[in-house]
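K.L.:
Quick one, fold the following:
(chains A and B, ligands or ions: 2)
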Amino acid sequence: MAIRLNVNGVERSVEATADTPLLWVLREDLRLTGTKFSCGRGFCGACTVHLDGQPVRSCSLPVGAAEGKNVTTIEGLSSDASHPVQTAWIAENVPQCGYCQSGQIMSAAALLANNPRPSDADIDTAMSGNLCRCGTYIRVRRAIHRAADQLAESAERGGER
Amino acid sequence: MIDPGLTRRGFLVASSLAGGGLALGVSLGRSQAAPAADAGDTAFAPDVWIRIESDNRISFQIDRAEIGQGVMTALTQLLAEELEVDPTSVEVGFAPGDKMQMVGGSSSIRRSWEPLRRAGAAAREMLVRAAAEGWGVPEAECVASGAQVRHPASGRSASYGELAARAATYPVPEEPKLKEPAEWKTIGQPLPRLDARSKVDGSAQFGIDVELSGLRTAVVLRSPVFGGTLAGYSGELPDDVTAVEISSGLAVVADGYWRARQVADGLEVEWDEGEHASLSSASMTDAFRELALERGKSLTDEGDAIGELERSASSIEAIYELPFQAHATMEPQNCTAWVHDGICEIWVPTQNLNGARRAAAKICEIDTERVVAHQTMAGGGFGRRAEVDFVSEAVELANKIDAPVRVLFSREDDIQHDYYRPLTYHRLRAGFDAEGQPTSWCHHVVGPSLIADIASRSAAIYLPAWVPGPVVRGLRALGLSVIGSWIADPTTAEGARELPYEIANVCVEATSTGRAVPLGFWRSVGHSHNGFVVEGFIDELAAVAGVDPFEFRRRLLGEHSRNRGVLELAAERAGWGNPLPAGHALGIAQHESFGSFVAQVAEVSIGDAQEIHVHRVVCAVDCGRAINPDIVTAQMEGAIAFGLTAALKSEITLERGRVVQSNFHDFPLLRFNEMPEVEVHILESGAELGGIGEVGTPPIASAVANAVYAATGKRLRKLPLRLS
Ligand code: FES
Ligand code: FES
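P.N.:
Ligands and ions are numbered 1, 2, ... in the order given. Take a look at the predicted model:
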């Protein structure tokens, strides 16, 4: 059946059964391969995307549940890696193999959108579902704090204007 | 375009590029892992190419896989230093794999250190000569920097691109002059990773991301019991899905992963389970326990360790046990293959591109030259991607269907069909004199032979099938036999056979049994278990001697040993001996592997449910010198996280010939909130370069176990560490 969703600001229609996980629709039908498959069961966070701004595990979300909603993937976070989370990630040299990083970044971006000044405890809660076998956690935390600083700075600048 | 052989000087070859550029081919020399089949091949074949185009674009193809270890960045730094270009301006790609392209043994930087710098220097000298001759000035008056050559006296300058065509006509300098360390601009600097950008915007192309028109996706159903074979299957196969029998099982092929998986899940598959259907971790451990009481193959025999043990005033004995371990790379194993027009093309995230090519060639019955291999980014390696099982599956399938096809493992496939770090069983004994000083050390390692397992998969090495098991009755029933009497597996005892501590009488023995479970290299290989065992037992000796564990080690390490250097640095930076928060305790461990020395101090506390919290790890590393200190630091952080998963969280167990675990719920990885603070201190000894990717893993489990002992008085000798 045809399912309509808005992906990264573009209205899309895909032919899929409603129970197909959103992950495979994104990767195989829409060719947005930045969203990764790793456990397929909601354990690791590699497949994290935003559904109406909230982080979800796309491997475990039937595409039918996303019908008519807004989906944001790593490709839609910014067009040029300029989102504060992405620039902070580069500044802190976070990625090693990089495979988990789309999911880490989407979780972090959702956290900061809801809570621009997260405490370490807030970060623990938001990020503990994102596994990284390369062990980049220390830098992920640093990068989230850096992105928060950056957001605060630009908010201030915005306020002055 | 390229005509190698224009000039040939040792390990470098130059040629011109269409459009007036310069290409320089570099041979990195034969790696030790090179296959015997290539032994007679002395023709020069570059491992990497450096290209300087007439429009001043500089590109560089590396022969190593980027598995997250930062090799792309560090190798580019080596080249850029001598070539005098900005490393961030160099375009880096992967070489297509003509020679041995194996990433393992933490060898990437060590092997490239000399040749790449020489290549950069040679190109620089050729470009300087081109400029000097063009201007009619002495070479010595010209300066190369920032991808151009300048003649300060006359104010003239030319870009490398402008000079490349002329430079390409010169012979390659045989002895290019390398810069002195004091002149380095990029070596030793924390250059940001060159691959970071593509890994934060989703554009990095991993194996799983390869796209081809008409691509089919296969899931493979494999025997749950190792060595089992497909007996038959039944169930509904829709028109758009095909099932193909291959050596490893049944491949279900569809237009996408989800479709293939769904149909595969609906099939009834029967297996002939073969001879290992009753194998279990428990039965293997029982067998190893008995073997450990016998004598093994002697690997180190200094003095009279056994005799001294019997004569000693007091002695202790301990058993250490480590389970099987999975690699669990975040990107599940995969390979895409397409057999067309008389060639076989593969796209694969691998640590062993040439092994992959040979496997493909063998299946297709074509020359290796007709296998075109594309290295992709790899979502983790840790030794798993040195295997080629997923390549064989994809190529076998591609050979049978007329379309490009990707084999993709599920996480369950990945956990249950890995090549595991072997389960090992260690018996340790030590004797003391009347003052409590250790006089003898005996270590007997028992485990299945990793090398025998790997050899059995490689047609290049002859190995007898089963050598009779003379020691333990019933071993054979497990599908195991003792082979230790004729093969001394160097990996089993690596990190154990050369005890760095000064104890007069030392005996290290190994008993290797045959395979029943696929085994493979797991980040730091034998060091990963022996680091835990040796550093745990030495801590026990300190306790018997009544000496502080740091001080005890320090006294037994040679005065100028690099082990002692890192030990002292880690202890000092950790504030060893200073007061700690209530309930916290420190443990220390050090270990040498792959030419590098690492010491770690772990700070732990014990929670209400007896769970172990690791708050902080202070790590000192001496790898000779750090090409990129930030990458060294990141590798230590990562290796500690990797080691902590094995120390605290996960194991692979076998029951009824099957792996019990299947996904991250029962093979849990260290989580974000469990990651300790890590402080890395690099000791720049200037000694020969050591490895970096693996060396941070061996000491961590022991540092934590020793800290748990300091906190509770309980000595944990089995991984994963459990207090209750
Ligand atoms: S792939 Fe979705 S949570 Fe792991
Ligand atoms: S960077 Fe490799 S899994 Fe996270």
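
K.L.:
what's stretch B:685-693 in contact with?
P.N.:
Identification of contacts with stretch B:685-693 by C-beta atoms under 8 Å, 6 or more residues apart in numbering or on different chains yields B:69, B:105-110, B:113, B:523, B:562, B:565, B:593-597, B:621-625, B:631-632, B:635, B:639. Any C-beta I mention is one placed from the backbone N, CA and C, and that applies to glycine too.

K.L.:
which SS class is the closest residue to B:Glu611 other than its chain neighbours?
P.N.:
Ranked by C-beta to C-beta, 6 or more residues apart in numbering or on different chains and with sequence neighbours excluded, the top spatial neighbour of B:Glu611 is B:Leu723, at 7.6 Å. B:Leu723 carries the three-state label coil when classified by DSSP: H, G, I helix; E, B strand; the rest coil.

K.L.:
in the chain, which segments are predicted with low confidence?
P.N.:
The chain I'm using is chain A. Along chain A, segments meeting pLDDT under 70 span A:159-161.

K.L.:
hmm, I had chain B in mind actually
P.N.:
B:1-11, B:29-46, B:96-107, B:451-490.

K.L.:
how near is B:Val13 to ligand 1?
P.N.:
With distances taken as C-beta to the nearest ligand atom, to the nearest Å, B:Val13 is found 46 Å from ligand 1.

K.L.:
I misspoke; the intended subject was B:Ser145.
P.N.:
Taken as C-beta to the nearest ligand atom, the span from B:Ser145 to ligand 1 is 47 Å.

K.L.:
B:Thr329 contacts A:Cys134, correct?
P.N.:
No - B:Thr329 lies out of contact with A:Cys134 (C-beta atoms under 8 Å); the separation is 9.1 Å.

K.L.:
In contact with the closest residue to A:Thr17 other than its chain neighbours, which residues?
P.N.:
In space, A:Thr17 comes closest to A:Met1 once its chain neighbours are excluded; the distance is 6.9 Å by C-beta to C-beta, 6+ apart. Applying C-beta under 8 Å, 6+ apart to A:Met1 gives the contacts A:15-18.

K.L.:
list the contacts for B:Glu387?
P.N.:
B:Glu387 touches B:352, B:419, B:520, counting by C-beta under 8 Å, 6+ apart.

K.L.:
correction: B:Ala337
P.N.:
Counting by C-beta under 8 Å, 6+ apart, B:Ala337 has contacts B:344-347, B:360, B:391, B:394-395, B:397-398, B:404-407.

K.L.:
In PyMOL, how would I select just the buried ones from those residues?
P.N.:
The following PyMOL line selects those of those that are buried, judged by 16 or more other C-beta atoms under 10 Å in any protein chain shown:
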select buried, chain B and resi 344+345+346+347+360+391+394+395+397+398+404+405+406+407
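
K.L.:
Just to be sure, which of the contacts of B:Ala337 are found in strands?
P.N.:
B:344-347, B:405-407 (DSSP state E).

K.L.:
Dump the residues you listed into TSV; add distance to B:Leu683 as well.
P.N.:
Shown next, in TSV, are those (distance: C-beta to C-beta, whole Å):
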residue	distance to B:Leu683
B:Cys344	47
B:Glu345	46
B:Ile346	42
B:Trp347	41
B:Val405	49
B:Arg406	45
B:Val407	44
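
K.L.:
Between the residues you listed, which sits nearest B:Glu502?
P.N.:
When these are compared for distance to B:Glu502 (C-beta to C-beta), B:Ile346 wins out at 51.3 Å.

K.L.:
hang on, that closest one packs against B:Thr368?
P.N.:
No - contact criterion C-beta under 8 Å: B:Ile346 and B:Thr368 do not qualify, at 11.8 Å.

K.L.:
and the residue of the stretch 401-550 of chain B found nearest chain A, backbone torsions?
P.N.:
Nearest residue of the stretch 401-550 of chain B to chain A (C-beta to the nearest C-beta) works out as B:Arg411 at 4.4 Å. Main-chain dihedrals, B:Arg411, degrees, to the nearest 10: phi -60, psi -40.

K.L.:
how many neighbours does it have?
P.N.:
Residues within reach of B:Arg411, counting by other C-beta atoms under 10 Å in any protein chain shown, total 23.

K.L.:
what's the burial count for the closest residue to it other than its chain neighbours?
P.N.:
Nearest non-adjacent residue to B:Arg411, counting by C-beta to C-beta, 6+ apart: A:Cys39, 4.4 Å away. A:Cys39: 25 surrounding residues under other C-beta under 10 Å.

K.L.:
Show me what B:Pro438 is bridged to.
P.N.:
Beta bridges link B:Pro438 to B:Phe432, judged by DSSP bridges.

K.L.:
Which of the three states applies to the closest residue to B:Ser596 other than its chain neighbours?
P.N.:
Leaving aside its sequence neighbours, B:Ser596 sits nearest to B:Gly690 (C-beta to C-beta, 6+ apart; 3.1 Å). Of the three states, B:Gly690 takes coil according to three-state DSSP.

K.L.:
Setting the sequence-adjacent residues aside, check what's closest to the residue nearest the centre of chain A.
P.N.:
When C-alpha atoms, centre = their mean is applied to chain A, the residue found nearest the centroid is A:Met106 (1.7 Å). Nearest residue to A:Met106, sequence neighbours excluded (C-beta to C-beta, 6+ apart): A:Thr48, at 4.3 Å.

K.L.:
quick one on the thing from earlier: tell me the spacing between the residue nearest to B:Arg411 and ligand 1.
P.N.:
3 Å.

K.L.:
Name the SS class of that residue, please.
P.N.:
The three-state assignment at A:Cys39 reads coil, by three-state DSSP.

K.L.:
Which residues are in contact with it?
P.N.:
A:46, A:59, B:411, B:663-664.

K.L.:
filter the residues you listed down to the ones near ligand 1?
P.N.:
Counting by C-beta under 6 Å from any ligand atom, A:46, A:59 from the contacts of A:Cys39 sit close to ligand 1.

K.L.:
and B:Gln610, how many neighbours?
P.N.:
11.

K.L.:
Just confirm it contacts B:Ser724, I think it does.
P.N.:
Yes - if you go by C-beta under 8 Å, B:Gln610 and B:Ser724 touch, sitting 4.1 Å apart.

K.L.:
What's the local residue count around the residue of chain B found nearest chain A?
P.N.:
Using C-beta to the nearest C-beta, the closest approach of chain B to chain A is made by B:Gly202 at 2.1 Å. B:Gly202 has 24 neighbouring residues, counting by other C-beta under 10 Å.

K.L.:
what's the closest of the contacts of A:Met1 to B:Ala122?
P.N.:
Proximity of the contacts of A:Met1 to B:Ala122 (C-beta to C-beta) peaks at A:Ala16, which lies at 56.2 Å.

K.L.:
who touches the closest one in this structure?
P.N.:
Per C-beta under 8 Å, 6+ apart, neighbours of A:Ala16: A:1, A:3, A:25, A:29, A:63.

K.L.:
From the residues you listed, list just the buried residues.
P.N.:
Using 16+ other C-beta under 10 Å, the buried members of those are A:3, A:25, A:29, A:63.

K.L.:
Go through the contacts of B:Ala337 and say which is closest to ligand 1.
P.N.:
Set against ligand 1, the nearest of the contacts of B:Ala337 by C-beta to the nearest ligand atom is B:Arg406 (17.2 Å).

K.L.:
Chain neighbours aside, what residue packs nearest to the closest one?
P.N.:
With sequence-adjacent residues excluded and distances taken as C-beta to C-beta, 6+ apart, B:Arg406 is closest to B:Thr336, at 4.2 Å.

K.L.:
Inside helices: which ones of the contacts of B:Glu387?
P.N.:
With DSSP state H as the criterion, helices contain none of these.
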